[in-house]
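**Q** next comes the sequence, and after it the predicted model I'd like to discuss.
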Amino acid sequence: PVPVGPTGTTALAAREDVVSLKGTPLVPAIPDRHAGLLGRYLAAPLLRKVPAITVLFWVIKLLTTATGEATSDFLVFSINPYVAVVTGCMGLMVALLLQLRATRYVPWIYWLAVTMVAVFGTMAADVLHVVLGVPYAASTAGFVLALAVVFAAWYASERTLSIHHIDTRRRELFYWATVMATFALGTAAGDLTASTFGLGYPSSAALFALLLALPALAWWRLGLSPIAAFWLAYIVTRPLGASFADWFGKPYLGGLGLGDGPVALVLALLIVAGVAYLTVSRADQPVMPAGAVVSGGTLEAIDDDLGPARG
């Protein structure tokens, strides 16, 4: 049945291309019939495929960043580095394809994509320094610029950077472009502090742990935008996790020398355990967006507070 809005009018007008529920902003429901094929594809409404932000989200995020660092270094130094990079790139493409083709949030698919972004992001940053000889300071600055460009393009197109509104294909693509840029930036920044600045891995880990707390404190006490706080914290988790992985795995710069392989294996098992818990408990299932989504090929009205509308 078609839900009825607060004014007594139907939420889904017969001849309109928008859905408005409970006075919320109008949300695109049916792409412009005059738009091109690509435009209709990018504007198509989706179920949210990004998890709810919980404590476990940050825990697994840190584990993936550390896993990406340890796994990348293990592969690059264990097999032909060019084969390792190509393998990492192919793994990333497969994982992203699974995520983009999914019709809803699936924990193992989402976190597989994040982990492969971490692995390949580490490789991309290391290739710039090791193979091309780009200093860490220059690559860090370059990735900061790249991230700023992605954010600017995302906001110019969508007028929001909120992960709670990843509800079209265009926004999903912007989201994953941002994630990839943050991982590459974090890798370069972590190596910059540990190696170029000479802090070593333990001190770098402590530095980034402190930096991670700042956005949360600024949001809590100073009124920092939750969107800005989220992305600042998201960026810092990458060098923090990488610094811890190098601290445990590397035998230099203050590292414990346990080996990249064993560290990567333990971290991967922890990720599997965390994702298995999320799959069973459904503790991080995203809240349905207000407006319209596509479910099973049909248009479904969603109430922001109560879930799927029922008539």
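**A** Yes, it's here.
**Q** is the residue most central in space within the chain in a helix, a strand, or coil?
**A** Nearest to the geometric centre of the chain sits residue 179, at 4.3 Å (C-alpha atoms, centre = their mean). With DSSP: H, G, I helix; E, B strand; the rest coil as the basis, residue 179 sits in helix.
**Q** which ones are touching it?
**A** Counting by C-beta atoms under 8 Å, 6 or more residues apart in numbering, residue 179 touches 114, 117. Every C-beta, even on glycine, is put in place using the N, C-alpha and C of the backbone.
**Q** same thing with residue 129?
**A** By C-beta under 8 Å, 6+ apart, the contact set of residue 129 is 135, 136, 139, 188, 191.
**Q** what's the burial count for the nearest residue to the last one once chain neighbours are set aside?
**A** Ranked by C-beta to C-beta, 6 or more residues apart in numbering and with sequence neighbours excluded, the top spatial neighbour of residue 191 is residue 136, at 5.0 Å. The number of residues packed around residue 136, counting by other C-beta atoms under 10 Å, is 21.
**Q** go on, residue 54?
**A** Residue 54 is flanked by 12 other residues according to other C-beta under 10 Å.
**Q** for the closest residue in space to it that isn't next to it in sequence, grab phi and psi.
**A** Distance criterion C-beta to C-beta, 6+ apart; nearest residue to residue 54, sequence neighbours excluded, is residue 284 at 5.4 Å. With angles defined as degrees, to the nearest 10, residue 284 sits at phi -120, psi 20.
**Q** again with residue 159
**A** Phi and psi for residue 159, reported as degrees, to the nearest 10, are phi 60, psi 20.
**Q** test my guess that residue 154 contacts residue 173.
**A** No. Residue 154 is beyond contact range of residue 173, at 9.3 Å (criterion: C-beta atoms under 8 Å).
**Q** out of the two, which sits in the more crowded spot?
**A** Comparing residue 154 with residue 173 by other C-beta under 10 Å, the one with more neighbours is residue 154, at 19 against 15.
**Q** ok, now how distant is the more buried one from residue 168?
**A** With the distance defined as C-beta to C-beta, to the nearest Å, residue 154 ends up 12 Å from residue 168.
**Q** check which helix or strand covers residue 189.
**A** helix 169-191 (DSSP states H and E).
**Q** still on that earlier bit, how many residues are close by the residue nearest to residue 54?
**A** Residue 284 has 20 nearby residues by other C-beta under 10 Å.
**Q** quick one, helices of the protein?
**A** For the chain, applying DSSP state H gives helices covering 37-43, 55-78, 81-101, 107-126, 136-158, 169-191, 200-222, 226-249, 260-281.
**Q** okay, those helices in CSV with distance to residue 49 and mean pLDDT next?
**A** Formatted as CSV, the helices of the chain follow (distance: least, C-beta to C-beta, whole Å; pLDDT from 0 to 100):
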stretch, distance to residue 49, mean pLDDT
helix 37-43, 15, 62
helix 55-78, 14, 94
helix 81-101, 7, 93
helix 107-126, 7, 92
helix 136-158, 16, 94
helix 169-191, 7, 91
helix 200-222, 24, 94
helix 226-249, 17, 94
helix 260-281, 14, 97
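**Q** I'd say residue 91 and residue 116 touch.
**A** Yes. Contact criterion C-beta under 8 Å: residue 91 and residue 116 qualify, at 4.9 Å.
**Q** who's more crowded, those two?
**A** Set residue 91 next to residue 116 and count neighbours by other C-beta under 10 Å: residue 116 wins out with 24 against 16.
**Q** OK, contacts around that one?
**A** 88, 91, 92, 94, 95, 96.
**Q** same question for residue 202.
**A** Going by C-beta under 8 Å, 6+ apart, residue 202 touches 247, 254.
**Q** ok, for residue 190, nearest residue in space, not its chain neighbours?
**A** residue 239 (3.5 Å).
**Q** how about the contacts made by the one you found?
**A** Residue 239 sits next to 65, 186, 187, 189, 190, 193, 204, 208 when contact means C-beta under 8 Å, 6+ apart.
**Q** what do you get if the cut-off is 10 Å, keeping everything else the same?
**A** Residue 239 makes contact with 65, 69, 140, 183, 185-194, 204-205, 207-208, 211-212 under the criterion C-beta atoms under 10 Å, 6 or more residues apart in numbering.
**Q** neighbours around the residue lying closest to residue 201 once chain neighbours are set aside, how many?
**A** Nearest in space to residue 201, with sequence neighbours left out and distances taken as C-beta to C-beta, 6+ apart, is residue 247 at 3.8 Å. By other C-beta under 10 Å, 24 other residues sit near residue 247.
**Q** would you confirm that residue 247 contacts residue 260?
**A** No. Counting by C-beta atoms under 10 Å, residue 247 does not reach residue 260; the two are 11.7 Å apart.
**Q** burial check on the residue lying closest to residue 246 once chain neighbours are set aside, number of neighbours?
**A** Of all residues not flanking residue 246 in the chain, residue 201 sits nearest, at 4.6 Å (C-beta to C-beta, 6+ apart). Per other C-beta under 10 Å, the neighbour tally for residue 201 reads 25.
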